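Engineer: Requesting a structural model of the entry that follows:
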Amino acid sequence: MYPVFDIENIFFDYNGTLARGGELIPGVKTKLQRLSSQVNLFVLTADTFGTAQKELADLAIKVLIVSDGVEKAALIRKLGKGNAIAIGNGKNDIEMFQESKLSIGIMGPEGIASKLIEVSDIVVSSITHALDLLLEPKGITATLRS
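Structural biologist: Numbering: from 1, shown residues only. Next comes the predicted model:
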């Protein structure tokens, strides 16, 4: 049984999660705008394509450049204050997921690291599905119900 908790912070991986080839996946921007009025949003990324700041510039989302999964986890401990959601698809998201109250793995066009599935609370087929769950959290309740 999952405890009831109020989430103040959501942490996203960028490439493979919110973006493909450095560009935001269609439909993501509008959903992030809606979500940003409810919670604090952060992107933790190595920014492989160097586009995250530009792609997210007009959104209320803080972009933090990181070097690895250990750094992602440290930022969640520091900024998430133990009450955060993490969303990602890669092996370097494992530590971030382990520090979160709720973790959502994205099995999108780039796939998902098999080890990340093991530490995910929920796995969905796209970032838009994950964002829909966050915007209408009764779906999360239904998925995690015992």
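
Engineer: alpha carbons only for contacts and neighbour counts from here, please
Structural biologist: OK.

Engineer: As a check, name the ranges of all strands in this protein.
Structural biologist: 9-12, 19-20, 23-24, 40-45, 62-65, 84-88, 102-106, 122-124 (DSSP state E).

Engineer: residue closest to the middle of the chain?
Structural biologist: The structure's the chain has its C-alpha centroid closest to Ile87; by Cα atoms, centre = their mean the separation is 2.3 Å.

Engineer: That one touches Asn9, doesn't it?
Structural biologist: No - checked against Cα atoms under 8 Å, the pair Ile87 and Asn9 is beyond contact range at 11.3 Å.

Engineer: returning to that earlier point: how about the strands of the chain in CSV, adding mean pLDDT and distance to Leu131?
Structural biologist: Shown next, in CSV, are the strands of the chain (pLDDT from 0 to 100; distance: least, Cα to Cα, whole Å):
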stretch, mean pLDDT, distance to Leu131
strand 9-12, 97, 11
strand 19-20, 96, 13
strand 23-24, 97, 13
strand 40-45, 97, 12
strand 62-65, 97, 17
strand 84-88, 97, 10
strand 102-106, 97, 10
strand 122-124, 98, 10
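
Engineer: Now tabulate those in JSON lines and tack on distance to Lys78.
Structural biologist: Formatted as JSON lines, those follow (distance: least, Cα to Cα, whole Å):
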{"stretch": "strand 9-12", "distance to Lys78": "11"}
{"stretch": "strand 19-20", "distance to Lys78": "25"}
{"stretch": "strand 23-24", "distance to Lys78": "27"}
{"stretch": "strand 40-45", "distance to Lys78": "12"}
{"stretch": "strand 62-65", "distance to Lys78": "13"}
{"stretch": "strand 84-88", "distance to Lys78": "11"}
{"stretch": "strand 102-106", "distance to Lys78": "16"}
{"stretch": "strand 122-124", "distance to Lys78": "24"}
